[in-house]
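In: Everything below, folded, please.
(chains A and B)
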Protein chains: 2
Amino acid sequence: MKNFEYCNKTKIIFGKGTENQVGSETAIYAKKVLLHHSGGSAVQSGLIGKVKESLKSANVQWVELTGVKPNPRLSLVREGIEIAKKEKVELILAVGGGSVIDSAKAIAVGAVNDGDVWDFFDRKRATEKALPVAAILTIPAAGSESSISSVITNEEGPWKRGINFQCIRPVFSIMNPELTYSLPLYQTACGITDMMAHIMERYFTKERNVELTDELCEGTLRTIIRNGRKIFSGGENNYDARAEIMWAGTIAHNGLLDTGRIGDWASHALDHELSALFDIAHGAGLAIIFPAWMRYNIKEDTPRLARFAAKVWGVDGAFYDLEQAALEGVMRMETFFRSIGMPVRFADANIDPSCIHEMAKRAVHFGPIGNYRKLEEKDAEAIYRIAAQ
Amino acid sequence: MKNFEYCNKTKIIFGKGTENQVGSETAIYAKKVLLHHSGGSAVQSGLIGKVKESLKSANVQWVELTGVKPNPRLSLVREGIEIAKKEKVELILAVGGGSVIDSAKAIAVGAVNDGDVWDFFDRKRATEKALPVAAILTIPAAGSESSISSVITNEEGPWKRGINFQCIRPVFSIMNPELTYSLPLYQTACGITDMMAHIMERYFTKERNVELTDELCEGTLRTIIRNGRKIFSGGENNYDARAEIMWAGTIAHNGLLDTGRIGDWASHALDHELSALFDIAHGAGLAIIFPAWMRYNIKEDTPRLARFAAKVWGVDGAFYDLEQAALEGVMRMETFFRSIGMPVRFADANIDPSCIHEMAKRAVHFGPIGNYRKLEEKDAEAIYRIAAQ
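Out: Sure thing, here's the model as predicted:
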């Protein structure tokens, strides 16, 4: 087990009706906020109206910036920074999913740091200061509601790049599973895949003797799979299934499952190129990449992949032929992804394999990717090729 | 799943050599601290010397208060409060196990709240202010290093009572598993039992649809049992086993495993009377009480107890006779406790059963105990009688 530090200060406010607490919680930090959202479903559902009422009753003023899209854009971030500075807001309040929260985090960084905000994403600068960020989560997926991460797409490349700074961890996040009833099943599936990927990126480590976090990872994955199946068996409005998924999405990415180990994160890097070039949903991209990554790495640490197959996917007979057990686990994972409507091959998502060489090149732009196994350009290309089969 | 709020601000600094960071971490909060410890093993091992060196190099002054014992005493707390006020310390630094940290927390409350500190333990008052508390943990057990709890014994009763205030959660806790190599096996076993009890108090809930936390509880329990066995099979100096136990002890009591559910806590109340009257170690008392509590409640929610038997103790055949499966789980737990040298009946710890009636009366002093099943005096008496068999 590696030495580690762990501290997560986000206050989670979880359950029915909790969105009505947003005014009083916000007032602790700010008299004026930038209210950031997509302008779409959160308005139609009446959530934004409720948020404004709650802010009003707590004497919190707001300016609004809408238009966040999946794979949130740098241009909107720049616009938000200008507004935040001009209007002297004291907190960025995100209402939405990971894209909105990530966009809010980038604005929070740019609002108090001079220079080009993209420099932080381009790994030219780091920072310890940002405006406070808070969130009302409507899409359980990215874990951004209590994470230190933000991923933004620069349309000029297009480049999709991430930052990880403690200062952008939300001060509070409100999570009402009822708000996710109206989420389309496709987005629900993308979210489930994204949170599973967050756990798997941490699970596949070369660090030995991380039994507690292995157990926590496996238990969280099983919970997601079981409750995902419930939702996809007519349980769209099943509060408890939605609640398990929502809380699991936070646990998956709040740092707890990292303690004592080093995650891999190559699959996220490989997906970033896929979704930058093809604008495919992050979760859908991961459903394509992860099985391919596992198949490519099946001999890398077969016992760990076999354990994953046994503990998460219930594969039996792992003792006589570990490689077969490991492969069986990957196949069951693919079957699960397919059952919730996710693509698992390029063809399922109409991705043109002729871009493989370019994507592989871009994926290793900052050098080899992954920690479980360092991947060079040729490895990235091989994994894309498996996914294209 | 119940609505909940969750926020744990303790910064955990975990791993080899981390005690040397105490000076720089303390300096963030204070120029002068009350250094609180037992005066025993932490001095002999050289740890206190190292701590003083680290404080010195960070220009942090200290006054010292030693003499904390298991089941920490109110009289020493009162002494600490006087010193803290007189010397105007800005933080209470605990070096030791749960008793030292609990004592430090009580001092932290008394130092900034006028009146008798016992009033808080006697449920006459509550507070939101205390001096900051920090810890270097040497005994993984109570989870006090990141919890909101403190339990103190008032010798005049004797009464053993607890408080739960957010303001006493440590600002940071340093955890180096190497510091636990020298822990006697008996204390190691008490710690293992204590952390298992913390999880079981939460596990036994009537709240349905708390699958994620069920999984996390079960996984943490399995990790403790497996690594406990390693330590008790010649692994006293096995870093990884000690590290798993130490981190599990924190997870067991940092609030995560409560999310969405209501714990029971009757067994803790029943043990408090046992250890108040007989000065038995908290963990040893819990090893006696918990099996008796389970046997008494075997028909209360048999499927949950059978699940506990299956998931934590590997009991098979849980489908045809759930009650038998549940009982088999309790017996395996008793066997485990015995295997690490814990008592599981009154006779094992030389406890005089003639006090049962008095203990039962005292246990319900504030009214019925427990949430899984409300226990009146007669129930408490019946459980003590099972433990006395």
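In: shouldn't residue A:237 be in contact with residue A:181?
Out: Yes: between residue A:237 and residue A:181 there is a contact at 4.9 Å, judged by CB atoms under 8 Å. C-betas here are computed from N, CA, C, even on glycine.
In: what residues are up against the closest residue to residue A:192 other than its chain neighbours?
Out: Leaving aside its sequence neighbours, residue A:192 sits nearest to residue A:228 (CB to CB, 6 or more residues apart in numbering or on different chains; 4.6 Å). Contact analysis of residue A:228 by CB atoms under 8 Å, 6 or more residues apart in numbering or on different chains lists A:188-189, A:192, A:245, A:336, A:340.
In: Closest one to chain B out of those residues, please.
Out: residue A:245 (9.1 Å; CB to the nearest CB).
In: which stretch of helix or strand covers that closest one?
Out: Here residue A:245, judged by DSSP states H and E, is contained in helix A:239-251.
In: State the mean pLDDT of that helix.
Out: Regarding helix A:239-251, the rounded mean pLDDT is 98.
In: Likewise for stretch A:175-189?
Out: The average pLDDT within stretch A:175-189 is 96.
In: Would you mind measuring the gap between the ends of that stretch?
Out: End-to-end distance of stretch A:175-189: 18 Å, with CA to CA, to the nearest Å as the criterion.
In: What residues of it count as buried?
Out: Neighbour-count burial for stretch A:175-189 flags A:175-180, A:183, A:187-189 (criterion: 16 or more other CB atoms under 10 Å in any protein chain shown).
In: Now for the residue nearest to residue A:192, which secondary structure element holds it?
Out: helix A:211-231.
In: What ranges does the stretch 51-200 of chain A have for its helices?
Out: Assigned by DSSP state H, counting those that start in this stretch, the helices in the stretch 51-200 of chain A fall at A:74-87, A:98-112, A:118-121, A:185-203.
In: what packs against the second one?
Out: Of the remaining helices and strands, those touching helix A:98-112 by 3 or more CB pairs under 8 Å, 6 or more residues apart in numbering or on different chains; DSSP states H and E are strand A:32-37, helix A:74-87, strand A:91-96, strand A:133-137, strand A:149-154, strand A:159-164.
In: what about the helices in the stretch 251-389 of chain A?
Out: Going by DSSP H, counting those that start in this stretch, the stretch 251-389 of chain A shows helices at A:266-278, A:282-296, A:302-313, A:322-339, A:356-363, A:377-388.
In: Buried deepest among those helices, which one?
Out: Ranked by average neighbour count under the criterion mean count of other CB atoms under 10 Å in any protein chain shown, the helices of the stretch 251-389 of chain A are headed by helix A:282-296 at a mean of 26.
In: Tell me how many other residues crowd the closest residue to residue A:119 other than its chain neighbours.
Out: Spatial nearest neighbour of residue A:119, excluding adjacent residues (CB to CB, 6+ apart): residue A:125 at 4.7 Å. By the measure other CB atoms under 10 Å in any protein chain shown, the count of residues near residue A:125 is 15.
In: Report the contact partners of residue A:125.
Out: Contacts of residue A:125 were listed using CB under 8 Å, 6+ apart, and they are A:113, A:115, A:119.
In: Let me see the backbone angles for the spatially most central residue of chain A.
Out: Nearest to the mean C-alpha position of chain A, counting by CA atoms, centre = their mean, stands residue A:142 at 2.3 Å. Here is the backbone geometry of residue A:142 (degrees, to the nearest 10): phi -80, psi -20.
In: wait, doesn't it sit right on residue A:94?
Out: No: Residue A:142 lies out of contact with residue A:94 (CB under 8 Å); the separation is 11.3 Å.
In: distance of the most far-flung residue of chain A relative to its centre from chain B?
Out: Ranked by distance from the centre of chain A (CA atoms, centre = their mean), the top residue is residue A:320, with 36.3 Å. Using CB to the nearest CB, to the nearest Å, residue A:320 is found at 21 Å from chain B.
In: Likewise for residue A:239?
Out: Applying CB to the nearest CB to residue A:239 and chain B gives a distance of 8 Å.
In: Not counting sequence-adjacent ones, nearest residue to that residue?
Out: Distances taken as CB to CB, 6+ apart put residue A:177 closest to residue A:239, at 5.9 Å, once the chain neighbours are dropped.
In: Next: residue A:197.
Out: The shortest distance from residue A:197 to any residue other than its chain neighbours is 4.2 Å, reached at residue A:286 (CB to CB, 6+ apart).
In: hang on, that neighbour packs against residue A:199?
Out: No: between residue A:286 and residue A:199 there is no contact under CB under 8 Å: 11.5 Å.
In: For residue A:223, give me its contacts.
Out: Residue A:223 neighbours (CB under 8 Å, 6+ apart): A:244, A:248, B:211-212, B:215.
In: Tell me the confidence at the nearest residue to residue A:240 once chain neighbours are set aside?
Out: Ranked by CB to CB, 6+ apart and with sequence neighbours excluded, the top spatial neighbour of residue A:240 is residue B:209, at 3.5 Å. Confidence at residue B:209, expressed as pLDDT, is 92.
In: do residue A:131 as well
Out: Confidence for residue A:131, expressed as pLDDT, is 98.
In: In contact with it, which residues?
Out: Residue A:131 neighbours (CB under 8 Å, 6+ apart): A:84, A:89-92, A:107-108, A:111-112.
In: Of those, keep whichever come out buried.
Out: Buried by 16+ other CB under 10 Å: A:84, A:89-92, A:107-108, A:111, out of those.
In: Report the two of those separated the most.
Out: Pairwise distances across the buried ones among the contacts of residue A:131 peak at 12.8 Å for A:90 and A:107 (criterion: CB to CB).
In: Let me know the closest of the buried residues of stretch A:175-189 to chain B.
Out: residue A:177 (8.1 Å).
In: Would you check that the closest one makes contact with residue A:238?
Out: No: counting by CB under 8 Å, residue A:238 is not a contact partner of residue A:177; they are 9.3 Å apart.
In: Many thanks, have a good one.
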